[in-house]
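Can you look at this prediction? I've put the sequence above it.
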Amino acid sequence: EILIGLVGSEMCIRDRIKIHLSGAGNIGQVIFLTYFCITTLPLVLILTNNRSCRNLCVVLTVLISTASTKRAGTLALILGLFVMFVVEAHIQGTLNQRWKKYLKIIIPLILICITGLVIYHFVSKVKLNSSYVNGNTAGNLYNAGLFCESDGEVFFSNTNDNGRLYAMNLDGSNIHKLSNDTAMYINADKNYVYYVRNNNQKITSQTFFSYDRNSLCRIKRNGHGSTVLDPDPCIYASLIGNYIYYLHYDTQTATSLYRIRIDGEEKKKIKSHYLFTCNTSDRYFYYNNPKNGQLYRYDTASQSEALFYDCNCYKPVVLDDTNVYYMDVNRDNAIVHVNINNPNPVVLTEANIEHYNVYGSLIFYQRGGDNPALCVVKNDGTGFKELAKGEFCNINVTSQYVYFTDFVSNKEYCTSTQNPDTIKALQP
């Protein structure tokens, strides 16, 4: 009854705890009430008759709350304990004895607070990158970014578990869940994984905004410390150094290009319209001009842009700043390869290509039209092979496997990257 009186109703308590644990409650009052109700009050009401047991629980509760890195909750806990001990000292002793007891209480609490804050500062401080690390490949991010290879691990959206965020070794072993969030546009550096939370949505590369669900998030590589960087609807996120470039939506300006630092600071609008930032290379990202299809390069250091190659392209992939792949709008989205040092475009595929991905010298693509199929071809136009008939999407590539999704059944399949041939169902 006391708990219910503090926060309004039994349903209110459950709702607040649910909001906080889901990661959506990044506001002080939710954290304060939740931690006050589930720590300090039960301690005061239940354990006051057994001093040794109570004191042990006090220490454990402070340590657990401090380790949780919830600042407001920890402060609420320490404040509650302080009030409890002061009141107890006041009741039990003379004025001189009271002050001695006050000092015995205050000094340890101050030391605990200082120690906790110092530990919190070092544990929770976001580790910035020392170079222009790129979070995922262009081809993967064009295909919803459902797989991301980084430092010997693959972070992926598990379609067999509603697209929740998982991790595994390169060979598919050691599969484990990192988060209950449905993840898209996954990026990673040596410390963190970044993704767009797309909860309660069927994941396809055609999925666009779902209001209040597509938050931009960061989580440690071990699955701990989930943080919402931008609570607004987001999509097409790309990590470049210490910044994430992404499409942001709000009701005032609709879809705009934003960037935010990986610690959640310096959120800034870059363009008032949308641009695909999937194709990153060092400090640059490449994009097709939405108006005329020309290929541009954006320098994130100087925040300037320049024409890179004159063509009418869609979803370009630039490798080594010289080799350019793109869907040629003038050729009904046939895939073209050109080296800008010797600009003689080579048409690699027939027209009507729906999705594609590039890995090394291989191009994996979905052929549309009356005879749809997943195919592969080399970057000189040779070595064509039809891998699987049907409509497929979300073509994501790692060094070991090519992953793709049946558009109708939403089942996921894979084949070898280096020797694509046998298709098998992915069942992590």
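Received, thanks. Treat the numbers as computed from the prediction; the structure is a model and nothing was measured.

Let me know whether Leu146 touches Met184 as I believe.
Yes. Using CB atoms under 8 Å, Leu146 is in contact with Met184, at 6.7 Å. For every residue, glycine as well, the C-beta is placed using N, CA and C.

for this protein, what's the longest strand?
In the chain, with assignment by DSSP state E, the single longest strand is strand 176-188.

Could you identify the helix or strand that succeeds it?
Using DSSP states H and E, the helix or strand that follows strand 176-188 towards the C-terminus is strand 192-197.

burial measure for Asn279, as a count.
Using other CB atoms under 10 Å, Asn279 has 27 neighbouring residues.

What is the longest strand of the chain packed up against?
Packed against strand 176-188 by the contact rule (3 or more CB pairs under 8 Å, 6 or more residues apart in numbering; DSSP states H and E) you find strand 147-150, strand 153-158, strand 164-169, strand 192-197, strand 216-220, strand 234-240.

pLDDT of the second one, averaged?
Confidence over strand 153-158, taken as the mean pLDDT, stands at 97.

Show residues contacting that strand.
144, 146-148, 163-170, 177-178, 182-184, 186, 188, 193, 203, 221, 396, 398, 403, 428 (CB atoms under 8 Å, 6 or more residues apart in numbering).

ok, of the residues you listed, which come out buried?
Buried members of these, scored by 16 or more other CB atoms under 10 Å, are 144, 146-148, 163-168, 178, 182-184, 186, 188, 193, 203, 221, 396, 398, 403.

List the contacts of Ala388.
Counting by CB under 8 Å, 6+ apart, Ala388 touches Ala373, Leu374, Tyr413, Ile423.

Test my guess that the last one contacts Lys389.
So the one you mean is Ile423. No. Applying CB under 8 Å as the test, Ile423 and Lys389 come out as separate, 10.5 Å apart.

Assumed Gly116 was part of a strand.
No. Under DSSP: H, G, I helix; E, B strand; the rest coil, Gly116 sits outside any strand and is assigned helix.

low pLDDT regions in the stretch 151-300 of the chain?
Low-confidence segments of the stretch 151-300 of the chain (pLDDT under 70): 200-213.

residue boundaries of the helices in the stretch 201-350 of the chain?
Counting by DSSP state H, counting those that start in this stretch, the stretch 201-350 of the chain has no helices at all.

Let me know the pLDDT of the closest residue to Pro345 other than its chain neighbours.
Counting by CB to CB, 6 or more residues apart in numbering, the nearest residue to Pro345 once its immediate chain neighbours are dropped is Val338, at 4.4 Å. Per-residue pLDDT puts Val338 at 94.
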